[in-house]
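Trainee: I would like the atomic coordinates for the input below:
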Amino acid sequence: MKTLISSFLLLIFLVSCNTNDMETLEQKVNSYDVYIGGVDEFNACYWKNGQKISLPGGENLLGTYITVENGNVYMMANNIESLGGNNTIAAWYFWKNGVKYNVADYLNVAPNTVSEPFKFQLYNNLTVKNGDIYFNGIIKNPIPTSTSDQYLFCSWKNGIRTVLETSETGGDLSMGCYGFFNNDVYMSKRYLGTPGNWTNWNVGYYKNNIYNPLTTNLFPRRFYSDNTGL
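Mentor: The predicted structure follows:
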């Protein structure tokens, strides 16, 4: 059985057209390339205009996110077994134009191990803007000074780390998406207002690494921008 996991929200338009309208619509549609990322026969891959492209070193990896910028194709994946709770160590990878990178190595962080399976926690996508590659996640602090900074909530740009805040357990933080507007960088985040109370989440976002709380309990998943703002 072949499994296809799409990274896109598919929009279907129902239109009534005459012959000229149809020709114009076909020309418009044919001017775009369509990419879908996922997994086929337990191998990470993507499809471009319906043609499958297998990724080197993609065996037993699940494609979770794909993005294309200026003709460069970026694909994110993690190991399939870790999603099924089979005690497999969670690991993440990405490809740029078919060249594979181990995310832990790329970010210069300690990978997860059997004895410490949560040393590195990553949001399952990557963001690319003007050729810059962004990640966010949580790492175990290699040199903690107290119980309050056992874990570090971090953002990375091209592998350069910025520590946004610290945490005692790491499990009370949840990473989110990036957004960009007028050279400003936004990133959503939520955290437990009361440790141990999994229904009491506080949410907000960072603007250029400065935190701003939100009054809603909804966790932002995407930022959108137009000429009026973000």
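
Trainee: and stretch 137-144, which residues are buried?
Mentor: 137-141 (16 or more other CB atoms under 10 Å). In this view, the C-beta of every residue, glycine as well, is placed from N, C-alpha and C.

Trainee: correction: the previous question concerned stretch 91-108.
Mentor: 91-95, 100-101, 103-104, 106-107.

Trainee: what's next to that stretch, contact-wise?
Mentor: 44, 55-58, 61, 72-79, 82, 110-112, 120, 122, 124, 126, 133, 135, 156, 159, 161 (CB atoms under 8 Å, 6 or more residues apart in numbering).

Trainee: show the buried residues in those residues.
Mentor: For these, buried by 16+ other CB under 10 Å: 44, 55, 58, 61, 73-79, 82, 112, 120, 122, 126, 133, 135, 156, 161.

Trainee: in strands, which of the contacts of stretch 91-108 appear?
Mentor: Residues of the contacts of stretch 91-108 located in strands (DSSP state E): 44, 55-58, 61, 72-79, 120, 122, 133, 135, 156, 161.

Trainee: so, low pLDDT: which residues of the chain?
Mentor: 1-30, 80-87, 193-199, 217, 219 (pLDDT under 70).

Trainee: where do the helices sit along it?
Mentor: Along the chain, the stretches classed as helices by DSSP state H are 19-30, 80-83, 103-107.

Trainee: so residue 138 sits against residue 170, correct?
Mentor: Yes. If you go by CB atoms under 8 Å, residue 138 and residue 170 touch, sitting 4.8 Å apart.

Trainee: shared neighbours of these two, anything?
Mentor: By CB under 8 Å, 6+ apart, the residues touching both residue 138 and residue 170 are 121, 151.

Trainee: for residue 108, grab phi and psi.
Mentor: The phi/psi pair for residue 108 (degrees, to the nearest 10) reads phi 60, psi 50.
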